[in-house]
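>>> Build me a model from this:
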Amino acid sequence: MSNSDGRAASALERLVSDLGDLVAAGHRPDDPVQLGALMTLAVRLYAAGSENPYGPAALAELKLTPTEACTAAAALLHAQSLTPFEFSVWFSNSRVDAARRQGQDGQEQR
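Next comes the predicted model:
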């Protein structure tokens, strides 16, 4: 790990801690533009930073209520003008469903 990688990891750790403190204190942001920018960056980090974003290791830290998960998912779909049907088509052809369909021998079932 390079020195800049260490600084980036440390900065991200501080940011996560600071955001956790805001949530714990019950802070409710007023600016939807800032919330949208924050969510955009968080999603980009999640997508880029996880080798398997649907695997147990990545999913274990997503500690959301069903309402929070559905609210975020619906907002993301709406922002891209996607319907739940379109998402279900993508979902069924993605690594999410492929991982679920893997057989006991590690080969994908067809």
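
>>> so what's the backbone phi/psi at residue 62?
Dihedral pair for residue 62: phi -90, psi 80, per degrees, to the nearest 10.

>>> How about the contacts made by it?
Residue 62 is in contact with residue 69, counting by CB atoms under 8 Å, 6 or more residues apart in numbering. For every residue, glycine as well, the C-beta is placed using N, CA and C.

>>> where does it land on pLDDT?
Residue 62 is assigned a predicted lDDT (pLDDT) of 88.

>>> Listing request: residues of the chain with sub-threshold pLDDT.
1-3, 95-110 (pLDDT under 70).

>>> counting residues per helix, which one in it is longest?
Scanning the chain for the longest helix, with DSSP state H as the assignment, gives helix 3-24.

>>> A strand includes residue 51, no?
No. Counting by DSSP: H, G, I helix; E, B strand; the rest coil, residue 51 falls outside a strand, being coil.

>>> Give me the distance between it and residue 58.
As defined by CB to CB, to the nearest Å, residue 51 lies at a distance of 8 Å from residue 58.

>>> What of residue 72?
Applying CB to CB to residue 72 and residue 58 gives a distance of 15 Å.

>>> Residue 27 too?
26 Å.

>>> what about the two, which has more around it?
residue 58 (14 against 10; other CB atoms under 10 Å).

>>> Break down the chain into its helices, ranges please.
For the chain, the helices defined by DSSP H cover 3-24, 32-49, 56-60, 66-79, 84-92, 95-101.

>>> how far out from the middle of the chain is the fourth one?
On the basis of CA atoms, centre = their mean, to the nearest Å, the separation between the geometric centre of helix 66-79 and that of its chain is 11 Å.

>>> Brilliant, that's me finished.
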